[in-house]
Structure formats: structure tokens, C-alpha cells
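J.: sequence and computational prediction follow.
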Amino acid sequence: MTDTPPDTPDDTATEAARRAALPPAAQRALAEADARKAADSDATLPRELGGRKGPEPVRYGDWEKKGIAIDF
């Protein structure tokens, strides 16, 4: 069984049609939000000195390592 039905139209075309139907102020707001998302995804974080190895504990919920709780 497939996740999407075979008759589903292209999502980019439907999104473009939805955006075209919005008022100009909403279109500008969406364009600004898209620009902010692109800028945030391009930002690189500085290297952390003295931090623990592995994935970010806040993001992945790993608050302790080998029984030692990490104090932020």
C-alpha cells in the first residue's frame, strides 16, 4: 500500500495556487518567513569548547551520560 494516493496533484502546484489566492500582505509575510527560514538554515553554529561529545542533549533528550546528570 502506498502512503499517497496516485491521483494526488503536485504539492508545489497546490501550494503556489494557495499562495496566489492570498491577499498581498499575506504573500509578503510568507515571503519574509521563507527568507528567514533560508537564513536560519544557512547559519553555522560556533564550535563548543569543553562540551560533551555526541548529539545535542537538549535536542535529543539525553540528559545524562553514564549515570552522570548534565547540569546546564
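T.: Nice, I can see it.

J.: now this structure, which segments are flagged as low pLDDT?
T.: The chain contains residues with pLDDT under 70 at 1-10, 42-43, 52, 54-72.

J.: strands along that one, start to end?
T.: 64-65, 68-69 (DSSP state E).

J.: ok, longest helix in the chain?
T.: Criterion DSSP state H: the longest helix present in the chain is helix 24-42.

J.: list the contacts of that one.
T.: Applying C-beta atoms under 8 Å, 6 or more residues apart in numbering, the contact partners of helix 24-42 are 19, 22. All C-beta atoms are positioned from the backbone trio N, CA, C, and that covers glycine.

J.: go with 7 Å
T.: Contacts to helix 24-42, defined as C-beta atoms under 7 Å, 6 or more residues apart in numbering, come from residues residue 19.

J.: just the CA trace of it, in PDB.
T.: The C-alpha coordinates for helix 24-42 follow below in PDB (Å, rounded to 0.1, in the frame of the first residue of the first chain):
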ATOM      1  CA  PRO A  24      -0.800  40.800  -0.900                       C
ATOM      2  CA  ALA A  25       0.000  41.400   2.800                       C
ATOM      3  CA  ALA A  26      -0.100  37.600   3.500                       C
ATOM      4  CA  GLN A  27       2.000  36.900   0.400                       C
ATOM      5  CA  ARG A  28       4.700  39.300   1.700                       C
ATOM      6  CA  ALA A  29       4.600  37.800   5.200                       C
ATOM      7  CA  LEU A  30       5.100  34.300   3.700                       C
ATOM      8  CA  ALA A  31       8.000  35.500   1.500                       C
ATOM      9  CA  GLU A  32       9.600  37.100   4.600                       C
ATOM     10  CA  ALA A  33       9.100  33.800   6.600                       C
ATOM     11  CA  ASP A  34      10.700  31.800   3.700                       C
ATOM     12  CA  ALA A  35      13.700  34.200   3.700                       C
ATOM     13  CA  ARG A  36      14.100  33.900   7.400                       C
ATOM     14  CA  LYS A  37      14.000  30.100   7.200                       C
ATOM     15  CA  ALA A  38      16.600  30.100   4.500                       C
ATOM     16  CA  ALA A  39      18.800  32.400   6.500                       C
ATOM     17  CA  ASP A  40      18.500  30.300   9.600                       C
ATOM     18  CA  SER A  41      19.300  27.100   7.800                       C
ATOM     19  CA  ASP A  42      22.500  28.700   6.400                       C
END
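
J.: that'll do, ta.
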